[in-house]
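S.K.: no letters, just coordinates:
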């Protein structure tokens, strides 16, 4: 980092400026102008500018980056003569809206305008703000000036602790402690040039031409080169999103997978947005070294094993391109070795996202099973229950639901009439054994816990090798994390409001499994699906309460416990759990999607092999 030296504070500020938080809203007493301000005076030593709402004039700096596209155009300007306070950023974004700014990188300028605090996604999103200059004018003093040296993001410069805590209240008024907290470090560098060297890719390139790297390559490293999200206390502060300010005609954005690396130096202004938090807007982009591991393939089940899989197929409908059906089919046949039973999530109705009252999904499932046969797989049959229109959440009009595929050559489905969208399935006594009042059936579908959420689908299966055995499979898709505050929220620790509904859903599924075990303590039960929560979450604790279910992901080596990648964090959202009678399950997360820029779904499938 460049050396800092004391600089003159503003010679005259026409009125006192105060900033406070009242009910989560920023309250400012605005002065008319602040003469003689430097950028570090604008940024201040907290997350909110002490000059918010104030007009500043003739502030000097050097242009370090230009955003010349989109509706949020502008440029970053950095003071090459920093002060001696590490908490004050020396750069700021000058917002020009839809107008492309007429400046060049390396221009020394003086700018004037109003100091503003912009909240990406709006204040209600709970994120931090970006200090910026609006209504700006500027004068170019000289061109082709050297850029300030970039601050190097390294394991020693990014603290291990993530954020200060404020009892879930805002941390905006707290003085930044960049040597103590990763979020404070990044905020103290807001708008400044930062760099990473030989950076490991921990989040694949997305459709918006963004990827994630880490400045801490060895911190919570996964077996395949990612960064593992292991607890709420450690969100992995080394993660930084990388975008590019370089025209793609000059340097195409790399298509990177987890485990790849951006060699050399990647440098540019540090931005903040509501789609990944702190973002390095590269004016210098490292070269991609493609060393990431290949897609995985799991072994074939043995003749006396029953293979049960779960796969979130991400809004699958007849409107989905055939290429995706073919890729899903190939994965099921080859990478997953044709499981006997597959619990599917996000199967849409036959009209897809068109909200026309359609709730059936036979066309969707036929297209998938036809693709599986064409890929050399078995002739899968299916079972599912049509939901009430527009009552199960997900993409509007899509009526997503869970469904079972099964290979009738390897396993039988026990059909019991009576299952529909609103009738709850019950555990019944069937000649001294546990049975179902309906198969397939739905668990407590009218309970408030399932409001605008997918209802669990229960089915009874019997392996062809052991027709006397009953295996109860519960396919799940718990409610999403929509509405939760981000890890980088200005409220710390961030609120997880969606957690309340998932814990209620988990308790209902746990209770249903308890009912099965009350009828038959040796019942073979598999609970599978996208539970939208972590192994260390309250929902999973409630789902496994009383020891009725074991979450199999906890039996894997720590570095392999993930099947989803979000903002550079490799994490667990999908789970397979088993009842205690299934003592030696063989469980595998098959990594073929989440770590890759080219993916058929954003979830990795999972496979369980058991001997009922």
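M.R.: Received the coordinates, thanks. Just so it is clear, the structure is predicted and the values come from calculations on it, not from any experiment.

S.K.: buried residues, the lengthiest helix in the chain. List them.
M.R.: The helix of greatest length in the chain, counted in residues with DSSP state H as the criterion, is given as helix 499-519. Neighbour counts over helix 499-519 (16 or more other C-beta atoms under 10 Å) mark 499, 501-506, 508-510, 512-513, 516-517, 519 as buried. (Each C-beta comes from the backbone N, C-alpha and C, glycine too.)

S.K.: show me what it is packed up against.
M.R.: In terms of contacts (3 or more C-beta pairs under 8 Å, 6 or more residues apart in numbering; DSSP states H and E), helix 499-519 is packed against strand 427-430, strand 433-436, strand 471-477, strand 524-530, helix 538-543, strand 574-579.

S.K.: what distance separates it from the centre of its chain?
M.R.: Here the centre of helix 499-519 is set off from its chain's centre by 26 Å, with C-alpha atoms, centre = their mean, to the nearest Å.

S.K.: next: stretch 226-240.
M.R.: 12 Å.

S.K.: buried residues, it. List them.
M.R.: For stretch 226-240, by 16+ other C-beta under 10 Å, it's 226, 227, 228, 229, 230, 235, 236, 237, 238, 239, 240.

S.K.: now tabulate those in CSV and tack on secondary structure, pLDDT and distance to residue 189.
M.R.: Putting those into CSV (DSSP: H, G, I helix; E, B strand; the rest coil; pLDDT from 0 to 100; distance: C-beta to C-beta, whole Å) gives the following:
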residue, secondary structure, pLDDT, distance to residue 189
226, coil, 98, 24
227, strand, 98, 20
228, strand, 98, 25
229, coil, 98, 23
230, coil, 97, 26
235, coil, 97, 18
236, coil, 98, 18
237, coil, 98, 13
238, coil, 98, 14
239, strand, 98, 15
240, strand, 98, 11
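
S.K.: mind listing the strands for the stretch 51-200 of the chain?
M.R.: 55-67, 73-78, 91-97, 108-118, 130-142, 151-152, 169-170, 193-203 (DSSP state E, counting those that start in this stretch).

S.K.: including distance to residue 329 and mean pLDDT, could the ones you listed go into JSON lines?
M.R.: Written out in JSON lines, the entries for those read as follows (distance: least, C-beta to C-beta, whole Å; pLDDT from 0 to 100):
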{"stretch": "strand 55-67", "distance to residue 329": "42", "mean pLDDT": "98"}
{"stretch": "strand 73-78", "distance to residue 329": "44", "mean pLDDT": "98"}
{"stretch": "strand 91-97", "distance to residue 329": "47", "mean pLDDT": "97"}
{"stretch": "strand 108-118", "distance to residue 329": "46", "mean pLDDT": "98"}
{"stretch": "strand 130-142", "distance to residue 329": "45", "mean pLDDT": "98"}
{"stretch": "strand 151-152", "distance to residue 329": "47", "mean pLDDT": "98"}
{"stretch": "strand 169-170", "distance to residue 329": "49", "mean pLDDT": "96"}
{"stretch": "strand 193-203", "distance to residue 329": "27", "mean pLDDT": "98"}
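
S.K.: want to throw the ones you listed into JSON lines with distance to residue 212?
M.R.: What follows is these, written out as JSON lines (distance: least, C-beta to C-beta, whole Å):
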{"stretch": "strand 55-67", "distance to residue 212": "19"}
{"stretch": "strand 73-78", "distance to residue 212": "21"}
{"stretch": "strand 91-97", "distance to residue 212": "21"}
{"stretch": "strand 108-118", "distance to residue 212": "23"}
{"stretch": "strand 130-142", "distance to residue 212": "19"}
{"stretch": "strand 151-152", "distance to residue 212": "18"}
{"stretch": "strand 169-170", "distance to residue 212": "26"}
{"stretch": "strand 193-203", "distance to residue 212": "3"}
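
S.K.: could you export these as a markdown table, including distance to residue 468 and mean neighbour count?
M.R.: Formatted as a markdown table, the entries for the strands of the stretch 51-200 of the chain read as follows, by distance: least, C-beta to C-beta, whole Å; neighbours: other C-beta atoms under 10 Å:
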| stretch | distance to residue 468 | mean neighbour count |
| --- | --- | --- |
| strand 55-67 | 67 | 21 |
| strand 73-78 | 70 | 25 |
| strand 91-97 | 69 | 23 |
| strand 108-118 | 66 | 19 |
| strand 130-142 | 65 | 17 |
| strand 151-152 | 66 | 18 |
| strand 169-170 | 59 | 16 |
| strand 193-203 | 48 | 24 |
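
S.K.: tell me which of these sits nearest to residue 358.
M.R.: Taking C-beta to C-beta as the measure, the strands of the stretch 51-200 of the chain were each checked against residue 358, and strand 193-203 came out nearest at 35.7 Å.

S.K.: angle of that closest one against strand 55-67?
M.R.: With axes from the mean of the first three to the mean of the last three C-alpha atoms, to 10 degrees as the criterion, the two stretches strand 193-203 and strand 55-67 enclose an angle of 50 degrees.

S.K.: and strand 193-203 with strand 73-78, angle?
M.R.: Compare the direction of strand 193-203 with that of strand 73-78 by the same axes, to 10 degrees and you get 120 degrees.

S.K.: quick one: list the elements packing against strand 193-203.
M.R.: Identification of packing neighbours for strand 193-203 by 3+ C-beta pairs under 8 Å, 6+ apart yields strand 151-152, strand 211-214, strand 239-244, strand 261-273, strand 277-282, strand 564-566, strand 569-571.

S.K.: most tightly packed of those strands?
M.R.: Of all the helices and strands packed on strand 193-203, strand 211-214 carries the top mean neighbour count, a mean of 28, counting by mean count of other C-beta atoms under 10 Å.

S.K.: correct me if wrong: residue 295 contacts residue 591.
M.R.: Yes. Here residue 295 reaches residue 591: they are 6.9 Å apart, a contact under C-beta atoms under 8 Å.

S.K.: tell me the pLDDT at residue 6?
M.R.: Among the per-residue scores, residue 6 shows a pLDDT of 30.

S.K.: er, residue 221 actually
M.R.: In this model, residue 221 is scored at 98, pLDDT.

S.K.: so who does it touch?
M.R.: 227, 228, 559 (C-beta atoms under 8 Å, 6 or more residues apart in numbering).

S.K.: just those residues now: which is nearest residue 446?
M.R.: Out of those, the member with the shortest distance to residue 446 (by C-beta to C-beta) is residue 228, at 38.4 Å.

S.K.: can you list phi and psi of the residue lying closest to that closest one once chain neighbours are set aside for me?
M.R.: Nearest residue to residue 228 in three dimensions, chain neighbours excluded: residue 220, at 4.4 Å (C-beta to C-beta, 6 or more residues apart in numbering). Torsion angles at residue 220 (phi, psi; degrees, to the nearest 10) stand at phi 50, psi 40.

S.K.: again, but for residue 334
M.R.: phi -100, psi -50.

S.K.: my guess is it contacts residue 372. True?
M.R.: No. Using C-beta under 8 Å, residue 334 is not in contact with residue 372, being 10.7 Å away.

S.K.: neighbour count: residue 295 and residue 591, which is higher?
M.R.: Here residue 295 and residue 591 are set side by side on neighbour count (other C-beta atoms under 10 Å), and the busier one is residue 591, at 25 against 16.

S.K.: confidence score at the more buried one?
M.R.: On the pLDDT scale, residue 591 gets 98.

S.K.: coming back round to it: nearest to residue 48 among the buried residues of helix 499-519?
M.R.: Closest approach to residue 48 among the buried residues of helix 499-519 (C-beta to C-beta): residue 499, at 28.8 Å.

S.K.: so what's the residue count around residue 98?
M.R.: By the other C-beta under 10 Å criterion, the neighbourhood of residue 98 contains 8 residues.
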